[in-house]
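Engineer: The following block contains a protein sequence and its predicted model.
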Number of protein chains: 2
Amino acid sequence: MNTRNLIGYSYLPELGNKFNAVDPALGVDLPGDFYAASLSEADAAVNLADKAFAVYRNIGKTKKAAFLRSIADEIIAIGDTLIERAMSESGLPAPRLQGERGRTTNQLYMFADLLDEGSWVEAIVDTAMPDRKPLPRADIRKMMVPIGPAVVFGASNFPMAFSVAGGDTAAALASGCPVIVKAHPAHPGTSALVAEAIKKAAEKNDIPEGVFSILYDNGYAVGEALVKHPKTKIVTFTGSLKGGMALLKMARERDEPIPVFAEMGSINPVLLMPQALENRAEELAKTYTDSITMSAGQFCTNPGLLLAVKSAGLDRFKQTLAEGIANINSATMLTPGICANFDKLSKGMLASPNVSIIGHSDKLNAEKVNQGVAIVTEITAAAFLADEKYKEEVFGPYSMLVVADDMAQLEQVIDSLHGQLTATVMAEKEELAAYKNITDKLANLAGRVILNNPPTGVEVGNAIQHGGPFPSTSDSRFTSVGTSSIKRFVRPVCWQNWSDDLLPDELKTGNPLNIWRLFNNEWTK
Amino acid sequence: MNTRNLIGYSYLPELGNKFNAVDPALGVDLPGDFYAASLSEADAAVNLADKAFAVYRNIGKTKKAAFLRSIADEIIAIGDTLIERAMSESGLPAPRLQGERGRTTNQLYMFADLLDEGSWVEAIVDTAMPDRKPLPRADIRKMMVPIGPAVVFGASNFPMAFSVAGGDTAAALASGCPVIVKAHPAHPGTSALVAEAIKKAAEKNDIPEGVFSILYDNGYAVGEALVKHPKTKIVTFTGSLKGGMALLKMARERDEPIPVFAEMGSINPVLLMPQALENRAEELAKTYTDSITMSAGQFCTNPGLLLAVKSAGLDRFKQTLAEGIANINSATMLTPGICANFDKLSKGMLASPNVSIIGHSDKLNAEKVNQGVAIVTEITAAAFLADEKYKEEVFGPYSMLVVADDMAQLEQVIDSLHGQLTATVMAEKEELAAYKNITDKLANLAGRVILNNPPTGVEVGNAIQHGGPFPSTSDSRFTSVGTSSIKRFVRPVCWQNWSDDLLPDELKTGNPLNIWRLFNNEWTK
């Protein structure tokens, strides 16, 4: 494991403030010294990325695809060392991290396949109409091109899949944008191992130096310098509302404002419909016991808010949920800070006289520290509606059940919510027809609307949307998961009146890349 | 002409500060009293739009298409009254405005056709894979949905095509977003006539009240209230950098930041290549005499910057350009303010000892006021590079020729430029191969790169891109012209695990709307 900052193909000297990763389960420092990068190193990384961009954006899709596949292969080649380091740094169990590694490499392969297929560039051709009246039409052809150097912030909760070679990096590199990763200080070792894999893949595939760099910092200075650098063209981030908003502010106050895609979390309302509760309260309670506590509740799509109308079915749901939660083992949270924040916020909720406990885990693992102990609370809809504080995300194994007197009051609760990544309905099919206006509202509230699945578990594919109205993300028009996430990193350019030999292959009349295009208003290949 | 503020189907009482349109050619007030809307009227317009949104976003594409076509028909039905009023308010000649009316109605028809065809929603379907290992895949289906109430600011330079029923409104209404227009105070009468046409079309097509409203104001308070309203979800604007940045700031400082697409102008560099100058200096000079002075230079794509290496060909170009410009009649500018600003900025350029005059119009029409008198200046590349002030847009019939010693210095000039709507190369084909790096740089600088056409004249179609890197627009990933401009107003929503009968028609397995979709990774219809 090479722990040093990496700019292009050069590891930097060990200078700057030293820090170590912490094992959150044991509360002890882990081996490996990391050094906060300097501001001049941040400057150098972006300048080199900008230089590399001029070459990389034109190297062609085959080479980019090979590079992405090679990164995945190199990550797999690290073997158990990667899983072990990630376990130590994140407190997450091996199967979860093995799954995440698979997701990470699958994302890289997916973008490689997307490049091979090629139609993602949205090529549109309007050929010349020299005889059109009153004015002739020039030949105009458009496609997506990469926007420029991207700064990717590693997320705490997915040390691989939303980190150094995660979805953001894979999409950016696929698009043709160089990437400077600001490693998350909670898992610098995992980051260093993956960075080394990317470096190897870049060298093997003769990728211009500077297409990938990684910098470490346990403070904020390096991230700030990267975001404010005039040659940085886009920033991506997955984390807290506070962190995302700070980056947005920096990006917007630049001389040249740049886009930031920040995924800032969500409380992911789940609507438990009366008939479903009556028919299968216990099954629903079991599903949500798991969903609320999976990975210690540290998912962006954790169901933090359950909504229902009071009923006998709901009472059964609560009872089973209480029993289920009581049996959930405590789990190590990602960092001491996240655990402290979870304790503070969940205790804060409980301090309110309006909030009562439905159930909590009885199984604290006293041999480990930073344990997230699951808890589910309850509040009346009236009380929930009276104070915005109940809408705050409690990141961790926590959920709050809002109990309404009737469906009308439940609808008021839905109307009061801010933008969400997901909104879920657990319902019997026959009861949905009567509540079309409610399901409509959920689709207006969130990026993903789900029927009878828990919101946790985000499929990576073409149709997925992981991004919703503010504050769940900074721009609901984009997604950070799936093939469409590449759109964040590209912009359209049109070529007017160029001859075929001077155009990019994607736009040549003969369609040498055999991609789907809108050609004179017809979709053809 | 009903000059009153219009919210939904109700014209408001004549209250608030009264103002009149001004005939810029004569400097006199025009008939028709307009009243600045109040802040509570602005609030009411957005609230009604939000209410209408819940219905309008689900009314189906056929009805929306009929509405758009009906707007176009009603605009045509106004007849010469519209052209005459627009002439009086803008100083633009009748043929120019007749052309613009055609462009405006064509845009409406184009979006109606786009709705009929239907594939613009980018439907993507990934069907369930219950047996997939290690985890089953849920059925996930995604399409674009409208984002919510849109505030559209009318532009000064296109009183129809970028105004009340212009491209922004047409795209927003096509997407399913209600529109509140803040009319441009320079042409309130033109705006009122078109607003009445939209109201008629809405009533005829049984469109929910509040899908369209228009408010007047000769100050900034109404625009500010509309942008800051919590139910406003997107803002579009075409105008100055200062105006666009003010709106961006407001939108970003809201509790819920919202996207603003601001098209803020550009100096649209034109690269005159040596061989082209040698072969056809006179023809190029004639082309650019027209392009620089068309509509008194009041186009976003006006070629404000000509770039060339010194040569005998360039001298011939300058001489013919000087002769051509001398013969251009002065033309009425859109408003006294725009004319005053043009005089100030062009005189400011000339005040610099580094700037000399190549040619200027000798034909001032002394019978009219607010006359834009064409002028073309010259500066050395060295002087241009030494001061940022030469990159400022001079909105009007003005262009500056930057003369470099050699191609290397010209490349330095290109490297120094900020983002542009367009970048143009006038070249012989055989000389382009040697300068691939330069044409590459132009594509990195602008949204539209043009070979051997002037940048003025923006085709409305599928392949056009009217939007480039900052500061030409606020987000280079979108366009404000052409069918793709609808993408500003929509966001993706995915439905997970819904049965066919509960899904929007666009996503049903049988594809009842017969649209192009990415279905299990294959493009099909």
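Structural biologist: Looks like it arrived, so ask away.
Engineer: Nearest spatial neighbour of the residue of the stretch 151-300 of chain A found nearest chain B, chain-adjacent residues omitted?
Structural biologist: Proximity of the stretch 151-300 of chain A to chain B (CB to the nearest CB) peaks at residue A:256, 4.8 Å away. All C-beta spots, glycine's among them, are computed from the backbone N, C-alpha and C. In this structure, residue A:256 finds its nearest non-sequential neighbour in residue B:470, 4.8 Å apart by CB to CB, 6 or more residues apart in numbering or on different chains.
Engineer: just the strands in the stretch 201-350 of chain A please.
Structural biologist: A:212-215, A:234-238, A:260-263, A:269-272, A:305-309, A:331-332 (DSSP state E, counting those that start in this stretch).
Engineer: Among the ones you listed, show me which one is buried the most.
Structural biologist: strand A:212-215 (a mean of 30; mean count of other CB atoms under 10 Å in any protein chain shown).
Engineer: Touching it from outside, list them.
Structural biologist: A:5-8, A:37, A:41-42, A:45, A:48-49, A:164, A:169, A:173, A:178-183, A:191-192, A:195, A:198-199, A:202, A:222, A:226 (CB atoms under 8 Å, 6 or more residues apart in numbering or on different chains).
Engineer: next one: stretch A:295-303
Structural biologist: A:91-92, A:96, A:157, A:238, A:263, A:265-266, A:268-270, A:288, A:291-292, A:294, A:331-334, A:338, A:372, A:374, A:395-399, A:421-422, A:424, A:454-458, A:466.
Engineer: now do stretch A:332-342
Structural biologist: A:22, A:24-25, A:27, A:90-92, A:156-157, A:186, A:296, A:298, A:368-372, A:394-398.
Engineer: Can you select the buried ones from these in ChimeraX?
Structural biologist: Those of those that count as buried under 16 or more other CB atoms under 10 Å in any protein chain shown are selected in ChimeraX with:
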select /A:22,24,25,90,91,92,156,157,186,296,298,368,369,370,371,372,394,395,396,397,398
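Engineer: Mind checking which of the contacts of stretch A:332-342 land in strands?
Structural biologist: A:22, A:371, A:372, A:398 (DSSP state E).
Engineer: So the first one is in contact with residue A:28, correct?
Structural biologist: Yes. In this structure, residue A:22 sits in contact with residue A:28. The criterion is CB atoms under 8 Å, and the distance is 7.1 Å.
Engineer: Let me know how buried the residue of the stretch 151-300 of chain A closest to chain B is, in neighbour terms.
Structural biologist: 14 (other CB atoms under 10 Å in any protein chain shown).
Engineer: dump the residue contacts of it.
Structural biologist: Taking CB under 8 Å, 6+ apart, one finds A:230, B:418, B:419, B:469, B:470, B:471 in contact with residue A:256.
Engineer: which one of those has the most neighbours?
Structural biologist: residue B:469 (24 neighbours).
Engineer: tell me the SS of that residue?
Structural biologist: Assigned with DSSP: H, G, I helix; E, B strand; the rest coil, residue B:469 falls in the coil class.
Engineer: Excluding chain neighbours, what is closest to it?
Structural biologist: Nearest to residue B:469 is residue B:419, by CB to CB, 6+ apart, at 2.7 Å.
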